[in-house]
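A.B. asks: Need coordinates for the following:
(chains A and B)
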Amino acid sequence: MTEHLQCRNRSEVAAFAAGAFPALGSLPGDLPTASGLPMNLLDPQGPVAAANRTILVDSVFIMLVIVVPTIVAILAFAFWFRASNTKARYQPDFVYSGRVEMVVWSIPALTVILLGGVAWIGSHQLDPAAPVPGTGSPVRIQAVSLDWKWLFIYPDQRIATVNTLTVPAGAELNFQLTSSSVMNTLFIPQLGSMIYTMNGMVTKLNLRADNEGKLQGLSAHFSGDGFPDMMFDVNVISPLAFPDWVAGTAKTDAVLNEASYKKLMLQGIERGRPSYRLEDPRLFDLIANQHIPPGPGPELISEAGRPHSGGHDAR
Amino acid sequence: MLGKLDWSAIPFDQPIPLAAGAVVLVAILAVLAWVVAKGHLPYLWHEWITSVDHKRIGVMYILLASVMLLRGGSDAIMMRIQQAVAYQSQGYLPPEHYNQIFSAHGTIMIFFVAMPFVIGLMNLVVPLQLGVRDVAFPTLNSVGFWLTATGALLVNISLVVGEFARTGWLAFPPLSELSYSPGVGVDYYAWSLQISGVGTLVAGINLVTTVLKLRTKGMNYLRMPMFCWTTLASNLLIVAAFPILTATLAMLLLDRYLGFHFFTNESGGNVMMFMNLIWAWGHPEVYILVLPAFGIFSEVVSTFSGKALFGYRSMVLATMAICVISFMVWLHHFFTMGAGPDVNAIFGIASMIIAVPTGVKIYNWLFTMYGGRIRFATPMLWAVGFMVTFIVGGLTGVLLAVPPADFMLHNSMFLVAHFHNVIIGGVLFGAFAGFEYWFPKAFGFRLDERWGRAAFWFTFLGFYVTFLPLYIAGMLGMTRRMQHYDVPAWRPWMIVAAVGMAVLTVGVICQIVQLVVSIRNREALRDRTGDPWDGRSLEWATSSPPPVFNFAFNPDVRGEDAYWDMKVHARQQSLDHDRPDYQDIEMPRNSPTGFVCAFFATIMGFALIWHIWWMVVLGGLGAWATFVVFAWRDHDEYVIPAEDVAAIDRINREERRGLVSMAGTV
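C.D. replies: The predicted model follows:
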């Protein structure tokens, strides 16, 4: 389970030595299962990512139409009007031209008008909170960023998982997000838009995964020493297999309630992929409205400058 | 007695910072010992440390920026190596160290490299370009510089005493609050910026006042060189934006020191307010940096093309448009906070609108080159390199302003590549161009061209090899600030970026070699005319280095490109034979106020960080008393007699006579 800050007595020298000789410190067996999967933004696996990619690529091409000729002109003018070129005509008085001025204000202005339209329409169509219709009934997922792991609560299925998100292909995924402590960002690059998680607040995100398979998600907002280990697996399974997965997960002995959540939210890195039965489907609300107080952060060992906080102790 | 400070604050178990700190300490002590042994101390004290001469202060700003560039660059090298090796492993830097390094890198590069570099150049050049003898508030100027140096010193002390922030360069709460960052790192960060922020603010007030109130005869607004305009715009932004930073950090400090709840999770604190406030400063800040660079390029392109700046009024308009709009776009830094489509779209479009005046500037430089006779001296190489590089950075910037694209790229390595693209390609290239361009003015000899070219090409290519891979890594989903990662697709790009960093480092080494070689060969590189580049604005009308009073007479300006005009005029009418009537000149006395005040500010800052309250009181009282003593002064000016002025000016005129007869014929 979660490795809390148990290794306190291990000296920092030893920790540093382990860091300095990485080959000894990490065996492939230590690694999370899905890590290492590609997260190519140009290979979308859902409609939101696909639409975002289209806008991204289109915008680049719209701008390249202006940018490429400009760069060519810069290099060409710089080359042709070099002092040693006797064929170039020296025109020291060419310092104003109304026509040129009109063109140079118009070109960027027109580009921006075009792109502004793209931005306006895109912002509305691809608002993270806007619905993304899918087949079958939507799946509600409540994501909580903890120090330093992701908790996914399925309130309707009354289960919860850590660092692994299992969803049915084709269904609308309604995310509600909050944080147990500091800010993070939930980001599944191949499914699309990211959104912040903040303690005491709920943000919304709707996504859909179209193809079965394994994807990877991560936190995209720095959150402390264990931040790089906030990678999570995304298993997109067939809608028919989803109920079986839910039933299988619900059989677990581990129960997620206020007490076990409070243990889970302590600073530390999660190597396994634990799953829980959800005792109270309102757990997310208790976290979001701060009925359960925010995570405690690192424990101070001395009053002096450097706290011995989680990251490397937990390694 | 010593608050939180005890021996555990020294990281004896971490060899890297300790060794680095020891090397720096030995180097500083060695330099100090050399200075004292050679008897240079009185010279340093009287001519530099207590100097209120804007040129000397400008040079000291640039020296500070250059030293801190090496520190921030070392951080960058360490980060690039870490990300190249930390694939499926912890690399060589544990997270608590790596996190300090990227936080320090950002903080140092923005506040203690880019800011002092551009403020230094503005200090050095703007009064000369305006044709005046000094800035509006010379002693305040010195205070501003020394307070900036205090901030830099505190950041460096954190290397060996305690720790620096592990939160990123903007210290977002709640991570930067006491519950999640209980160490002194965030305090080092916040107090360094509070103290240097005061320095920046007074520098801004000084330069705004100088441009608005001190201009020579006939130098009306629409005759000012472009660099003066961008200086005005940039310093207006400083005056408007830095108080926001000070207030925001003050609220964070209240949270941390006195248990307030501005940005905490508990008791109604609101982290979103911090995001808004810090970026309400942070976005104008990038224009504070890049506008002076635009000004430098305007001067350089015009001078080396042998033409006046194309579309001068258009450029003025574009500059002031950027100045105003830059205050209305801050929200694009957090489109992913869930503000809703209307807000996101409006701020996205506002951000794009800034690209219009910026694009106009590029085109006007382009048409300045058109029909010119371009001499590719080192400053011009930087200018052309900038134009090409900055367009690419502008493209990715506008892309990030499109909210749906930002939803995929926010906080990614793509973003990292983008802002390095505009800050290195814009601000740093600009600073280097200005350095090469005005160095002869400051010291009276040119810099070596061959090493200058080498520095340019290595930096230019190194930039692309380092940062194009980061764009690609961002497209592969890589987010910033990863101490380690397991994704094989990212690895090759991190290795290429590390190689690029090596090339960039060679560029910086070339720059250092250039300086050393040029100082050695200074007699061969000597410029006696004061006008080595066939310049167009008034800084070239005086000798190099200029006398303390800059100009024996306030120049009389009759149009744009004042000095060019004079040269042409003098040739046509042979007017340079008049025997001027020299007058006594009053100049401000040197004052140790800035240095002493910063000395006490350093003590106070250090004591605040470590909760040593008696020392806080001591430092505060000392700094206050310094001001009282300064306010009580009787004589703050001294007189340079007319004979001395005449003697100095005659030499300059003799050297220049040959030059004037040639001007305008090129």
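
A.B. asks: if I pick the residue of the stretch 401-550 of chain B found nearest chain A, what's in contact with it?
C.D. replies: With Cβ to the nearest Cβ, the shortest gap between the stretch 401-550 of chain B and chain A falls at B:Gly477, namely 2.8 Å. For glycine as for every other residue, the C-beta is placed from the backbone atoms N, C-alpha and C. By Cβ atoms under 8 Å, 6 or more residues apart in numbering or on different chains, the contact list for B:Gly477 reads A:38-41, A:187, A:189-190, A:216, A:218, B:412, B:487.

A.B. asks: try A:Ala169
C.D. replies: A:Ala169 makes contacts with A:209-212, A:236-239, as judged by Cβ under 8 Å, 6+ apart.

A.B. asks: ok, 6 Å please
C.D. replies: Counting by Cβ atoms under 6 Å, 6 or more residues apart in numbering or on different chains, A:Ala169 touches A:209, A:212, A:236.

A.B. asks: Compute the number of surrounding residues for B:Ala401.
C.D. replies: Using other Cβ atoms under 10 Å in any protein chain shown, B:Ala401 has 26 neighbouring residues.

A.B. asks: Just the pLDDT for it.
C.D. replies: Here the pLDDT value assigned to B:Ala401 is 93.

A.B. asks: My guess is it contacts B:Ile353. True?
C.D. replies: No. Shown here, B:Ala401 and B:Ile353 do not form a contact pair, counting by Cβ atoms under 6 Å, at 9.4 Å.

A.B. asks: Roughly how far does B:Gly394 sit from chain A?
C.D. replies: Remark: distance between B:Gly394 and chain A (Cβ to the nearest Cβ, to the nearest Å) = 8 Å.

A.B. asks: pLDDT below threshold where in chain A?
C.D. replies: Counting by pLDDT under 70, chain A has low-confidence residues at A:1-36, A:300-315.

A.B. asks: let's see it at 90
C.D. replies: A:1-41, A:85-86, A:88, A:92-93, A:111, A:136, A:252-253, A:266-272, A:295-315 (pLDDT under 90).

A.B. asks: quick one, longest helix in it?
C.D. replies: helix A:47-80 (DSSP state H).

A.B. asks: buried ones in it?
C.D. replies: By 16 or more other Cβ atoms under 10 Å in any protein chain shown, the buried positions in helix A:47-80 come out as A:47-56, A:58-60, A:62-63, A:66-67, A:70-71, A:73-74, A:77-78.

A.B. asks: As TSV, the contacts of B:Gly477 with neighbour count and secondary structure would be great.
C.D. replies: Putting the contacts of B:Gly477 into TSV (neighbours: other Cβ atoms under 10 Å in any protein chain shown; DSSP: H, G, I helix; E, B strand; the rest coil) gives the following:
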residue	neighbour count	secondary structure
A:Pro38	15	coil
A:Met39	22	coil
A:Asn40	15	coil
A:Leu41	22	coil
A:Phe187	27	strand
A:Pro189	29	coil
A:Gln190	27	coil
A:Gln216	22	strand
A:Leu218	26	strand
B:Ser412	27	strand
B:Val487	21	coil
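
A.B. asks: okay if I get these as a markdown table plus distance to B:Ala165?
C.D. replies: What follows is those, written out as a markdown table (distance: Cβ to Cβ, whole Å):
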| residue | distance to B:Ala165 |
| --- | --- |
| A:Pro38 | 33 |
| A:Met39 | 29 |
| A:Asn40 | 33 |
| A:Leu41 | 30 |
| A:Phe187 | 24 |
| A:Pro189 | 28 |
| A:Gln190 | 33 |
| A:Gln216 | 29 |
| A:Leu218 | 23 |
| B:Ser412 | 22 |
| B:Val487 | 27 |
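
A.B. asks: Get me the contact residues on the stretch 151-300 of chain B for chain A.
C.D. replies: B:162-163, B:168, B:174-175, B:179-180, B:182-184, B:265, B:271 (Cβ under 6 Å from any Cβ of the partner chain).

A.B. asks: List just the nearest of those residues to chain A.
C.D. replies: B:Gly162 (3.4 Å).

A.B. asks: what about A:Arg271, how many neighbours?
C.D. replies: 16.

A.B. asks: a strand runs through it, doesn't it?
C.D. replies: No. Assessed with DSSP: H, G, I helix; E, B strand; the rest coil, A:Arg271 is coil; it does not lie in a strand.

A.B. asks: roughly how far apart are it and chain B?
C.D. replies: In terms of Cβ to the nearest Cβ, A:Arg271 sits 12 Å off from chain B.

A.B. asks: tell me the phi and psi of that residue?
C.D. replies: phi -90, psi -30 (degrees, to the nearest 10).

A.B. asks: same thing with the one 10 residues further on?
C.D. replies: The main-chain torsion angles of A:Pro281 are listed as degrees, to the nearest 10 and equal phi -60, psi -10.

A.B. asks: before we move on, the earlier item: just the buried residues of helix A:47-80 that are near chain B?
C.D. replies: A:52, A:55-56, A:59, A:63, A:67, A:71, A:73-74, A:77-78.

A.B. asks: Mind putting the residues you listed into JSON lines with distance to A:Ile121?
C.D. replies: Listed next are those as JSON lines, based on distance: Cβ to Cβ, whole Å:
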{"residue": "A:Asn52", "distance to A:Ile121": "13"}
{"residue": "A:Ile55", "distance to A:Ile121": "9"}
{"residue": "A:Leu56", "distance to A:Ile121": "14"}
{"residue": "A:Ser59", "distance to A:Ile121": "12"}
{"residue": "A:Met63", "distance to A:Ile121": "17"}
{"residue": "A:Val67", "distance to A:Ile121": "23"}
{"residue": "A:Ile71", "distance to A:Ile121": "29"}
{"residue": "A:Ala73", "distance to A:Ile121": "31"}
{"residue": "A:Ile74", "distance to A:Ile121": "32"}
{"residue": "A:Phe77", "distance to A:Ile121": "37"}
{"residue": "A:Ala78", "distance to A:Ile121": "39"}
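
A.B. asks: B:Asp150 should be in a helix, yeah?
C.D. replies: I think there's a mix-up here, since residue B:150 is Thr and not Asp. Yes. Assessed by three-state DSSP, B:Thr150 belongs to a helix.

A.B. asks: tell me, how many neighbours does it end up with?
C.D. replies: B:Thr150 has 26 nearby residues by other Cβ under 10 Å.

A.B. asks: Contact partners for it?
C.D. replies: If you count contacts by Cβ under 6 Å, 6+ apart, B:Thr150 has them with B:195, B:598, B:601-602.

A.B. asks: any idea which of these is closest to chain A?
C.D. replies: Looking across those and measuring by Cβ to the nearest Cβ, the closest to chain A is B:Thr602, at 17.9 Å.

A.B. asks: which one is that closest one nearest to, not counting chain neighbours?
C.D. replies: B:Thr150 (4.8 Å; Cβ to Cβ, 6 or more residues apart in numbering or on different chains).

A.B. asks: How confident is the prediction for B:Gly3, by pLDDT?
C.D. replies: At B:Gly3, pLDDT is 81.

A.B. asks: Per the annotation, how does chain A divide into domains?
C.D. replies: A:47-125, A:139-292 (automatic domain parsing).

A.B. asks: which of those domains is buried the deepest?
C.D. replies: Ranked by mean neighbour count under mean count of other Cβ atoms under 10 Å in any protein chain shown, these are led by domain A:139-292, which reaches a mean of 21.

A.B. asks: mind checking how far that domain is from the chain centre?
C.D. replies: 12 Å (Cα atoms, centre = their mean, to the nearest Å).
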